[in-house]
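Novice: Take a look and give me a structure for this.
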Amino acid sequence: MENQDRYQRGWEKLCEIDGEAGERVVESLQDIAPDFARYLIEFPFGDIYSRPGLDLKSREIAVVAALTALGNAAPQLKVHIHGALNVGCSRQEVVEIIMQMAVYAGFPAALNGLFAAKEVFKERDASGKA
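Specialist: Numbers count the residues shown, from 1 in each chain. Model (predicted):
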């Protein structure tokens, strides 16, 4: 029952933060690694994102910064830029978070992050999302 609670709590948090983008990630894993899809829901979203201590906006700021700094996680960065916007970050805040990473992760990582943000903003404009 505990795992079912983790899964349910995680699924609700995933939908709240990432919406359709998160659901598509989970869906895309069903034919190759359904257990991994479950782990993605239970641990990050069911356990970590559901903890008290940081609001969702703060958590997404941290994730956007971390994924930008990695420099090789553009698909995940795009999902979490959507997430940051969904939980209250403005587009300008997202841009500033990514620009800040140039200091710590270098210009190439920040450039890649800015291009990812540009794609997300274009996608949201096309679908009528803020």
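
Novice: Tell me the helices and strands packed up against the longest helix along the chain.
Specialist: Identified as the longest helix of the chain according to DSSP state H is helix 2-29. In terms of contacts (3 or more C-beta pairs under 8 Å, 6 or more residues apart in numbering; DSSP states H and E), helix 2-29 is packed against helix 34-40, helix 56-70, helix 74-86. To be clear about C-beta, it is placed using only N, CA and C from the backbone, and glycine gets the same treatment.

Novice: how about 10 Å then?
Specialist: Counting contacts by 3 or more C-beta pairs under 10 Å, 6 or more residues apart in numbering; DSSP states H and E, helix 2-29 packs against helix 34-40, helix 56-70, helix 74-86, helix 107-127.

Novice: out of those, which comes closest to Val95?
Specialist: The minimum distance between Val95 and the helices and strands packed on helix 2-29 falls on helix 107-127, with 6.2 Å, by C-beta to C-beta.

Novice: What residues sit buried inside stretch 67-82?
Specialist: Residues 67-71, 73-74, 77-82 are the ones in stretch 67-82 that count as buried (16 or more other C-beta atoms under 10 Å).

Novice: any chance of the residues you listed in a markdown table, plus pLDDT and distance to Gly22?
Specialist: Formatted as a markdown table, these follow (pLDDT from 0 to 100; distance: C-beta to C-beta, whole Å):
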| residue | pLDDT | distance to Gly22 |
| --- | --- | --- |
| Leu67 | 98 | 14 |
| Thr68 | 98 | 18 |
| Ala69 | 98 | 21 |
| Leu70 | 97 | 19 |
| Gly71 | 94 | 22 |
| Ala73 | 96 | 15 |
| Ala74 | 96 | 16 |
| Leu77 | 97 | 13 |
| Lys78 | 96 | 11 |
| Val79 | 94 | 6 |
| His80 | 95 | 9 |
| Ile81 | 97 | 12 |
| His82 | 95 | 8 |
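
Novice: out of these, who's nearest Leu40?
Specialist: For the buried residues of stretch 67-82, the nearest to Leu40 is Val79 (10.9 Å; C-beta to C-beta).
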